[in-house]
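Peer 1: turn this into a model:
(chains A and B)
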Amino acid sequence: MTSQSPAVDNNDVTNDEQIKNTANFDEYKELAVQGLWKNNPGLVQLLGLCPLLAVTATVTNAIGLGLATLLVLLCSNVTVSAIRQWVPKEIRIPIFVLIIAAFVTCVQLLMNAYTFGLYQSLGIFLPLIVTNCAIIGRAEAYASKNPVKQAAFDGLMMGLGFALVLFALGAIREILGQGTLFDGANLLLGEWASVLRIEILQLNSDFLLAILPPGAFIVMGFLIAIKNAIDNKMKEKSAIVEDKVIERVRVNFDS
Amino acid sequence: MAFWIASSPHNHIQKSTSSLMRLVILAAFPGVLAQWYFFGWGNLIHICIAMITAILCEFIILSLRDKKISEQLFDGSALLTALLIGVCLPALAPWWISVIGTIFAIAIAKHLYGGLGHNPFNPAMAGYVMLLISFPLQMTTWQPPLSLMEMELNFSNTLTTIFTGFTLDGYSVEQLRTTIDGVTMATPLDTLKTSITMGLTITEATQSAVFGEHFALGWEWINLAFLLGGLYLISQKAIAWQTPVSFLFSLFLCSFIAYSINPDSSASTMFHWFSGATMLGAFFILTDPVTGATSVKGRVVIGLLAGLLVYLIRAFGGYPDGVAFAVLLCNMSAPLIDQYTRPRTYGHSKESS
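Peer 2: The predicted structure follows:
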């Protein structure tokens, strides 16, 4: 008897853990879906448009800024979540801003040291990550209310969503504007990366509209339209499935 | 039994969109002919390319949007847009210039905003400005009038220049534009601008061959032809007379003030009227019923504003001609102007309206 009870207990514990794990898994899955698609900071929240539109003329710049934002978002979410018990409600915004600014300074110094060319081409938009509303938005809306693990995952997913939008914008604009991809990747990844440069279209003259900010607005509009179109398609599909269910019920009722 | 009660006006002119568009295209013919006479086949070829692109583009987008293709495809609005783009382009610009410009005008400036009647900007001018900003080199290689050119430029030469960049004898566009002295010729407005920045006076600047005997060789006749077409449109009541009249008056006034203050560095009033795209803009572009103002007072204000903007851009701006930019800026301000120039409703006093 005595030997059985701990085993039962153990079973209970593992069951509990399993339940907890599945709950956690669902939570993480939801976070990932929210960050990458449903609540994407670039396409749905439309936050941080200024760097999004200003530096995405080439893929390299876009990836550089995307990684920098991702790193800052991750670190700030973890820190904000870790100190959430000790932050007074009244002055939370200045504290968040200070934390974000500290991390942005770190990232800026790191990029200045290791990827100087990219640091120069990003210019003012690197320090301006401090004012990126996507970051302070996550700190306020999620990280300040949830435990560290979830906050870190949320930061990662939101940052990835933002970086992916930057990447798509940069790729489209670079192909349309210069006909290349990964031009200047050596600025970000070191000398070996200059072989990554792909010449996709042979253009006699640059298509300046795609490189200038108005082109970014137009391409961004198309991206949002594509996302909405996909969402509508998916909604239609799920609606059709529901209709079928209703039909079957009717058939059963008649018979 | 229900009565169909319509609000006034009860007496309609039963004009459809397509007949109006046909009339405008017809009225542009003298100008296009004059352009052909002075500058050769280039613009006609561009008009053809633009029209084919416009029809294809319109067809694809109408079918994507599930619209009645047979009704809207041939209503003439796309053809008119293509015609205006073809007229505006430099005659020897490469073929893809008119293709890209037309696709932008039809797909983005017109259909993305909801199609004909919903577009806030004149599609042709939006396409033209897009081209001017995106391809400054190709969009400013203007060809001098045929009578000033060293090489003969016939139809086949023009065709090969547009499609390959070289004439049959292997001359490039740059070489075609160069005089026997090795000086590249530009439009009168362009020449005037560079001469004034170089410190020449107007009298010295207008010694250049591109100015001809009167104001601007070739351009003056093209502008006169467009003026003729515009007067025909007004006589047919296809366009309102207020916009062009106030536009021309405003341009006249601005250039007259500048000329009386400083005749050495400001061109004459008639030069501003009869060079560049003045008449085309006044009668064919500013009068667009969709993107312009709707009230009588509003049309006068739009015309005055456009004239001022064209003069400012020509005199102080970075581009030699400013009609396209002025039109877009006026399109932008048209809703606001309409808001403040609402006509008084009959039976209401001014205060209550």
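Peer 1: low-confidence ranges in chain A?
Peer 2: A:1-23, A:242-255 (pLDDT under 70).
Peer 1: near chain B, which residues of it? Just list them.
Peer 2: A:205, A:207, A:208, A:209, A:210, A:212, A:214, A:218, A:221 (CB under 8 Å from any CB of the partner chain). Heads up, the C-betas are built off the backbone N, CA and C, glycines and all.
Peer 1: nearest residue to the last one other than its sequence neighbours?
Peer 2: Meaning residue A:221. Nearest residue to residue A:221 in three dimensions, chain neighbours excluded: residue B:112, at 8.0 Å (CB to CB, 6 or more residues apart in numbering or on different chains).
Peer 1: ok, of the residues of chain A next to chain B, which come out buried?
Peer 2: With burial judged by 16 or more other CB atoms under 10 Å in any protein chain shown, the buried subset of the residues of chain A next to chain B is A:207, A:208, A:209, A:210, A:218.
Peer 1: nearest to chain A: which residue in the stretch 51-200 of chain B?
Peer 2: Here the stretch 51-200 of chain B gets closest to chain A at one residue, residue B:134, 4.1 Å apart by CB to the nearest CB.
Peer 1: pLDDT value on that residue, please?
Peer 2: Here the pLDDT value assigned to residue B:134 is 89.
Peer 1: contacting residues around residue A:97?
Peer 2: Residues in contact with residue A:97 (CB atoms under 8 Å, 6 or more residues apart in numbering or on different chains) are A:130, A:136.
Peer 1: which strand or helix spans it?
Peer 2: Element membership for residue A:97, per DSSP states H and E: helix A:92-114.
Peer 1: next, the buried residues of the helix or strand that comes right after that helix.
Peer 2: Sequence order places helix A:116-122 as the next helix or strand after helix A:92-114, per DSSP H and E. By 16+ other CB under 10 Å, the buried positions in helix A:116-122 come out as A:118, A:119, A:121, A:122.
Peer 1: before we move on, what about stretch B:36-56?
Peer 2: By 16+ other CB under 10 Å, the buried positions in stretch B:36-56 come out as B:36, B:38-47, B:49-51, B:53-55.
Peer 1: okay, and which of those residues map to helices?
Peer 2: Of the buried residues of stretch B:36-56, the ones assigned to helices by DSSP state H are B:36, B:38-39, B:42-47, B:49-51, B:53-55.
Peer 1: which of those sits closest to residue B:347?
Peer 2: Relative to residue B:347, the closest of these is residue B:54; by CB to CB it sits at 45.5 Å.
Peer 1: the residue most central in space within chain A: which element?
Peer 2: The centroid of chain A falls nearest to residue A:161 when counting by CA atoms, centre = their mean (2.4 Å). Counting by DSSP H and E, the element that carries residue A:161 is helix A:148-178.
Peer 1: what's the answer for residue B:10, then?
Peer 2: Using DSSP H and E, residue B:10 is not contained in any helix or strand.
Peer 1: give me the pLDDT for the residue nearest to residue A:221.
Peer 2: For residue B:112, the pLDDT comes out at 89.
Peer 1: residue contacts, whatever residue of the stretch 51-200 of chain A ends up closest to chain B?
Peer 2: Here the stretch 51-200 of chain A gets closest to chain B at one residue, residue A:177, 9.3 Å apart by CB to the nearest CB. Counting by CB under 8 Å, 6+ apart, residue A:177 makes contact with A:57, A:206, A:207, A:208, A:210, A:211, A:215.
Peer 1: again with residue A:121
Peer 2: A:60, A:61, A:64, A:184, A:187.
Peer 1: got it, and residue B:173?
Peer 2: By CB under 8 Å, 6+ apart, the contact set of residue B:173 is B:92, B:141, B:143, B:161, B:165.
Peer 1: so which of these sit within helices?
Peer 2: Taking DSSP H, the ones among the contacts of residue B:173 that sit in helices are residue B:161.
Peer 1: pull the most distant pair out of the contacts of residue B:173.
Peer 2: Greatest spatial distance among the contacts of residue B:173 (CB to CB): B:143 and B:165, at 13.4 Å.
Peer 1: how many other residues sit next to the closest residue to residue B:118 other than its chain neighbours?
Peer 2: Excluding the flanking residues, the one nearest residue B:118 by CB to CB, 6+ apart is residue B:290, at 7.8 Å. Under the neighbour criterion other CB atoms under 10 Å in any protein chain shown, residue B:290 is assigned a count of 17.
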